[in-house]
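>>> the sequence isn't on hand, but the structure is:
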């Protein structure tokens, strides 16, 4: 099924959608055939993936919901780490040595933003935070849908499916911050679309200040020759970073830098980045049987990730719609850590594709996001080549998002909006 669908994906490079021309009012037979074999074929593929996702959800029901509802802060591990740092901030102790089960890899500025939660008990704080994050995720998707003038029916379907997607549900269970990053990216994209580069830059700079692994996304204003946006991004990012240093102190800041530099490359199957996949497939690790003993593949993966970032920046300089999301996906591929839950950041980009008439592609990406996080349990501990590749499935999902955004620009009459938008062959 996947090979069949992937052939459709590649064939879409030469597919032309139907043309609702204002003059003839007729459809060319070849164009109709192209649309049927392209978008409709991808629609069937998406349906197949949805079926697989439903089967997996039934098999592992209701594990994800239990993780969200439990009062165990061990399960809500990411938020527990954040909360302990904020509690330490209020008591004047070390914000990066709190006894949490996970190390805090986020900069001091994030602890400052989250400081009010440190005044609450841990579990009520988690509940409030998770509800706010879910509301932010929904708001970002609806905001994007309005900006691209996505029709109400498509908006309801796409937003509803993305709100029950595996990345967002897992994000809610762990208490992660990805909806805030999504908000910053959507704000940047929207302000840039509206001709407000300074506001776009401020939003981008604050987003990078919260999650420095998104630093490659600063190439967006460079590629677009938006120097005002770049200046605003650097100024706001620097101001936010300095605020964090001032509030937490130099000692805590150096502790954070030391933690980041000492953090080893995680081979855990949920890490979808290129370097992590290379380490999982070509070095000894506890999660997968390596295909070969080739540690140099990790360095090669880093190089390919960096190359992907620069190629993306050059390719999307004239694509003001999907280009930002392509660059975000490339940054995730190149990063040492790109948990599968980072796909939350790319949800708005899928809505942009749908508004361009790429409803089939959009449904495939959404369907892939609905596959539950228990997918690796089908492969864990088996020690076979197939199992190792199965544990690297999330890299494939992230890479498909990146390739789709990278080659998404096309002028076509969109059934989702009724508008004609710019075209390049997918």
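The structure has been received and is ready for your questions. In this text the structure is predicted, and so the values were computed from the model without any measurement.
>>> low-confidence stretches in the stretch 1-150 of the chain?
The model of the stretch 1-150 of the chain has pLDDT under 70 over residues 1-37.
>>> swap that for the stretch 151-300 of the chain, sorry
In the stretch 151-300 of the chain (pLDDT under 70), no residue qualifies.
>>> which residues of the stretch 201-350 of the chain fall in helices?
Remark: helices assigned in the stretch 201-350 of the chain by DSSP state H, counting those that start in this stretch are 219-223, 227-248, 250-262, 274-282, 296-315, 323-334, 347-355.
>>> so residue 158 is in which element?
Using DSSP states H and E, the element containing residue 158 is helix 152-163.
>>> mind checking what helix or strand follows that helix in sequence?
helix 166-174.
>>> which of the residues in the following helix or strand past that following helix are buried?
Going down the chain from helix 166-174, the next helix or strand is helix 178-193, by DSSP H and E. For helix 178-193, burial by neighbour count (16 or more other Cβ atoms under 10 Å) applies to 178-192. For glycine as for every other residue, the C-beta is placed from the backbone atoms N, C-alpha and C.
>>> buried residues, the helix holding residue 158. List them.
Buried residues in helix 152-163 (16+ other Cβ under 10 Å): 154-155, 157-159, 161-162.
>>> pipe the residues you listed into a markdown table and attach distance to residue 364 per row.
A markdown table is the format used below for those (distance: Cβ to Cβ, whole Å):
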| residue | distance to residue 364 |
| --- | --- |
| 154 | 15 |
| 155 | 18 |
| 157 | 14 |
| 158 | 12 |
| 159 | 17 |
| 161 | 12 |
| 162 | 13 |
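>>> ok, residue 330 to residue 229 distance?
19 Å (Cβ to Cβ, to the nearest Å).
>>> which of the two has more neighbours?
Neighbours were tallied for residue 330 and for residue 229 using other Cβ atoms under 10 Å; the higher tally belongs to residue 330 (31 against 27).
>>> find the nearest non-adjacent residue to the more buried one, please.
In this structure, residue 330 finds its nearest non-sequential neighbour in residue 312, 4.1 Å apart by Cβ to Cβ, 6 or more residues apart in numbering.
>>> residue contacts, residue 125?
79, 83, 117-118 (Cβ atoms under 8 Å, 6 or more residues apart in numbering).
>>> now swap in residue 395 and tell me
272-274, 276-277.
>>> could you report the neighbour count for residue 48?
16.
>>> which of the helices or strands spans it?
Short version: residue 48 belongs to helix 41-60, going by DSSP H and E.
>>> now that helix against helix 166-174, angle please.
30 degrees (axes from the mean of the first three to the mean of the last three Cα atoms, to 10 degrees).
>>> same for helix 41-60, what does it pack against?
helix 2-11, helix 359-370 (3 or more Cβ pairs under 8 Å, 6 or more residues apart in numbering; DSSP states H and E).
>>> show me what the last one is packed up against.
Secondary-structure packing of helix 359-370 (3+ Cβ pairs under 8 Å, 6+ apart): helix 2-11, helix 41-60, helix 152-163, helix 166-174, helix 347-355, helix 393-406.
>>> would you turn the ones you listed into a markdown table with distance to residue 264?
Putting these into a markdown table (distance: least, Cβ to Cβ, whole Å) gives the following:
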| stretch | distance to residue 264 |
| --- | --- |
| helix 2-11 | 32 |
| helix 41-60 | 29 |
| helix 152-163 | 32 |
| helix 166-174 | 20 |
| helix 347-355 | 30 |
| helix 393-406 | 19 |
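>>> show the pLDDT at the residue nearest the centre of the chain.
Central residue of the chain (Cα atoms, centre = their mean): residue 343, 2.8 Å from the mean position. pLDDT for residue 343: 97.
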